[in-house]
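Asker: Fold the following.
(2 chains)
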Amino acid sequence: DQQVKQNSPSLSVQEGRISILNCDYTNSMFDYFLWYKKYPAEGPTFLISISSIKDKNEDGRFTVFLNKSAKHLSLHIVPSQPGDSAVYFCAASAGTGANNLFFGTGTRLTVIP
Amino acid sequence: DVKVTQSSRYLVKRTGEKVFLECVQDMDHENMFWYRQDPGLGLRLIYFSYDVKMKEKGDIPEGYSVSREKKERFSLILESASTNQTSMYLCASSLLGNMETQYFGPGTRLLVL
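Answerer: Residues are numbered from 1 along each chain as shown, chains lettered A, B, ... in the order given. Below is the predicted model of the structure:
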């Protein structure tokens, strides 16, 4: 059973506009959340993270929002650029141990020039 | 920059063959991981290792084994390949105490006929 869900397999956005990628989780024990980005023929790379004690973390054009009551995580990219076209995975951790890290199924973002 | 390399990008094997997937990282990371990525299922952890000769089962270890004789190298072994092991295999590494921020290799796409 997927504990981390990305219900949108794909998303298309015009260059310069905002991209919003969503992620839902079921386990209330998750206390650390991450986004990874994956280009074709490459492995995922870490993008941004947030601890459960925060509700927002920003890094340049990328902002992650956490709504614990809704068990919802989102990644905002503003402004979107064609180079942002990739598959984005969210991940959630319930403490130490590799068995406690769960990945979503990914959302393919296409930024149209 | 962390570099994680995997021995093959594409591999075609026959049912029943023994298959070795090799992974090498050059940043002296203690933790190493093997995942498989399948459509609609995200990344699923097969095995991980936090030290030489140490290994822990992940979510889906059945049909797989691993070997870590040197810190920089983590091998995934399919003892007798089956068609349901056709998948993308991703290796990753991370620092001890930081399971979440992982550095991934480019992946090996394995086809078992």
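Asker: what's the burial count for residue 111?
Answerer: Answering for chain A, as no chain was given. 21 (other CB atoms under 10 Å in any protein chain shown). Every C-beta, even on glycine, is put in place using the N, C-alpha and C of the backbone.
Asker: not quite, I wanted chain B
Answerer: Neighbours of residue B:111 (other CB under 10 Å): 13.
Asker: what's the answer for residue B:28, then?
Answerer: When neighbours are counted by other CB under 10 Å, residue B:28 comes out with 10.
Asker: Also residue B:97?
Answerer: 9.
Asker: For the residue nearest to residue A:63 when sequence neighbours are not counted, give me its contacts.
Answerer: Counting by CB to CB, 6 or more residues apart in numbering or on different chains, residue A:63 lies nearest to residue A:76, which is 4.6 Å off, once chain neighbours are set aside. By CB atoms under 8 Å, 6 or more residues apart in numbering or on different chains, residue A:76 lies in contact with A:18-20, A:62-65.
Asker: Mind doing that once more with 7 Å?
Answerer: The neighbourhood of residue A:76, defined by CB atoms under 7 Å, 6 or more residues apart in numbering or on different chains, consists of A:18, A:20, A:63, A:65.
Asker: and those, which of them are in strands?
Answerer: Among the contacts of residue A:76, the subset assigned to strands under DSSP state E consists of A:20, A:63, A:65.
Asker: okay if I get these as JSON lines plus pLDDT and neighbour count?
Answerer: Below are the ones in strands among the contacts of residue A:76 laid out as JSON lines (pLDDT from 0 to 100; neighbours: other CB atoms under 10 Å in any protein chain shown):
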{"residue": "A:20", "pLDDT": "98", "neighbour count": "17"}
{"residue": "A:63", "pLDDT": "98", "neighbour count": "18"}
{"residue": "A:65", "pLDDT": "97", "neighbour count": "17"}
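Asker: would JSON lines of these with distance to residue B:9 be doable?
Answerer: Shown next, in JSON lines, are these (distance: CB to CB, whole Å):
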{"residue": "A:20", "distance to residue B:9": "33"}
{"residue": "A:63", "distance to residue B:9": "34"}
{"residue": "A:65", "distance to residue B:9": "36"}
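Asker: so what's residue 61 up against?
Answerer: Let's take chain A. A:77-79.
Asker: actually it's chain B I care about, not the one you picked
Answerer: B:46-47.
Asker: Okay, and the residue nearest the centre of chain B sits in which element?
Answerer: Closest to where the C-alpha atoms of chain B average out (CA atoms, centre = their mean) is residue B:34, at 2.8 Å. Using DSSP states H and E, residue B:34 falls within strand B:31-38.
Asker: Report the buried residues of that strand.
Answerer: Of the residues in strand B:31-38, B:31-37 count as buried by neighbour count, 16 or more other CB atoms under 10 Å in any protein chain shown.
Asker: show me which of these neighbour chain A.
Answerer: Checking the buried residues of strand B:31-38 against chain A by CB under 7 Å from any CB of the partner chain, the ones in range are residue B:33.
Asker: could the buried residues of strand B:31-38 go into CSV alongside pLDDT and distance to residue A:97?
Answerer: What follows is these, written out as CSV (pLDDT from 0 to 100; distance: CB to CB, whole Å):
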residue, pLDDT, distance to residue A:97
B:31, 93, 11
B:32, 95, 15
B:33, 95, 12
B:34, 97, 16
B:35, 96, 15
B:36, 95, 19
B:37, 92, 21
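Asker: can you pull the contacts of the residue of chain A found nearest chain B?
Answerer: Per CB to the nearest CB, residue A:43 is where chain A lies closest to chain B, at 2.9 Å. Contact partners of residue A:43, counting by CB under 7 Å, 6+ apart, are B:4, B:90, B:104-107.
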